[in-house]
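*Asks:* Sharing a sequence plus its predicted fold:
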Amino acid sequence: AFPVDGCGAGITSIINAMFRTDDELRNAGALDDGRCFVGNSNTMEYIRGCGAHIWMTSEFVTRQLGWRDAIVDFCGFILLIGQRFTYDDFIVQETSPESFDDAQKRDSLFHWSYRQVEHWL
C-alpha cells in the first residue's frame, strides 16, 4: 500500500512467519494452536478496542440484521488506512473466535495451505 525501507510493510509479516525460528514464534505466542497469526499492523487492536468485534460476532447483527459484511468491509478500509500509522516489523495477534473455535476449519486451512507450498519445502 506504501513504500518503506527494507523489504516493505506488505510482505514483512509473510517473511517473519516463514523465516523466524519455531522458538521465536512460540515465545511470541504465534504457535498457539491456531489462535494467533503474525501481522504487521496494530490497527486491529484499535478496532477491537472500539468494540467492533462485538458487532461483528453478535448474533443479532450477523443473522437478523445481516450487517456483518458491511462492518467487516468498513474495518478492512480502516485497516488499510491505519496500517501506515501502526506498522511494526513483527506483531503477533489473536484471530477471531470464529477462526480458532472451529478446529475443522483451522485444520482444513492448514492442509490446503500446506499443499499449496509443498513443492517449495
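*Replies:* That came through, no problem.

*Asks:* what ranges do the strands span in this structure?
*Replies:* Per DSSP state E, the chain carries strands over the ranges 36-41, 87-94.

*Asks:* what's the offset of the shortest one from the middle of its chain?
*Replies:* Put simply, strand 36-41 sits 5 Å off its chain's centre (Cα atoms, centre = their mean, to the nearest Å).

*Asks:* Please find the angle between the direction vectors of that strand and strand 87-94.
*Replies:* Angle between the axes of strand 36-41 and strand 87-94 is 150 degrees (criterion: axes from the mean of the first three to the mean of the last three Cα atoms, to 10 degrees).

*Asks:* Below-threshold pLDDT in the protein: ranges please.
*Replies:* 1-10, 32-34, 49-57, 96-101 (pLDDT under 70).

*Asks:* Now do the helices in it.
*Replies:* 9-19, 22-28, 43-49, 52-57, 59, 68-86, 97-100, 103-117 (DSSP state H).

*Asks:* List the contacts of the shortest one.
*Replies:* Contacting residues not belonging to helix 59 are not present [Cβ atoms under 8 Å, 6 or more residues apart in numbering]. C-beta here means a position set from N, CA and C on the backbone, and glycine is covered the same way.
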